[in-house]
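K.L.:
for reference, the sequence and a predicted model appear below.
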Amino acid sequence: MKTLSRKLRRSRGQGMTEYIIIVALIAIAAVGIVTVFGQNIRQLFGDSTDVLAGNTSVANRGASSSVTTKTLKNFGSENTQ
């Protein structure tokens, strides 16, 4: 009975260790991605918040899209360019 109890305890500890290793690898990957793409992500979110705040002088850095000003008169209309 004691050996069965020890085996169960060991296998639970082993499973927890595997989960900790996986979480650590995901955290390392996330830090690496933020390090590589951090400036671009900050610029993207900064421009998005400026547009949502109503700032119309935000430069569009996208390839094909453009920022259009929506008012109450044209809010429901389609964006035709």
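P.N.:
Right, received. Where do you want to start? Numbering: from 1, shown residues only.

K.L.:
for stretch 38-53, give the mean pLDDT please.
P.N.:
Averaging pLDDT along stretch 38-53 yields 85.

K.L.:
please save the CA atoms from it in CSV.
P.N.:
The C-alpha trace of stretch 38-53 is given here as CSV (Å, rounded to 0.1, in the frame of the first residue of the first chain):
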residue,chain,number,x,y,z
GLY,A,38,7.8,45.7,-29.1
GLN,A,39,8.3,49.0,-30.9
ASN,A,40,6.0,48.1,-33.7
ILE,A,41,3.3,47.0,-31.3
ARG,A,42,3.6,50.2,-29.2
GLN,A,43,3.3,52.3,-32.4
LEU,A,44,0.3,50.3,-33.6
PHE,A,45,-1.6,50.7,-30.3
GLY,A,46,-0.5,54.3,-30.0
ASP,A,47,-1.9,55.2,-33.4
SER,A,48,-5.1,53.2,-32.7
THR,A,49,-5.7,55.1,-29.5
ASP,A,50,-5.1,58.4,-31.2
VAL,A,51,-7.7,57.6,-33.9
LEU,A,52,-10.2,56.4,-31.3
ALA,A,53,-9.7,59.6,-29.4
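
K.L.:
name the element Leu72 belongs to?
P.N.:
Taking DSSP states H and E as the definition, Leu72 sits outside all helices and strands.

K.L.:
could you do Gly54 as well?
P.N.:
Going by DSSP H and E, Gly54 is not in any helix or strand.

K.L.:
got the contact list for it?
P.N.:
Neighbouring residues of Gly54 by CB atoms under 8 Å, 6 or more residues apart in numbering: there are none. Where C-beta positions appear, they are placed from N, C-alpha and C, glycine not excepted.
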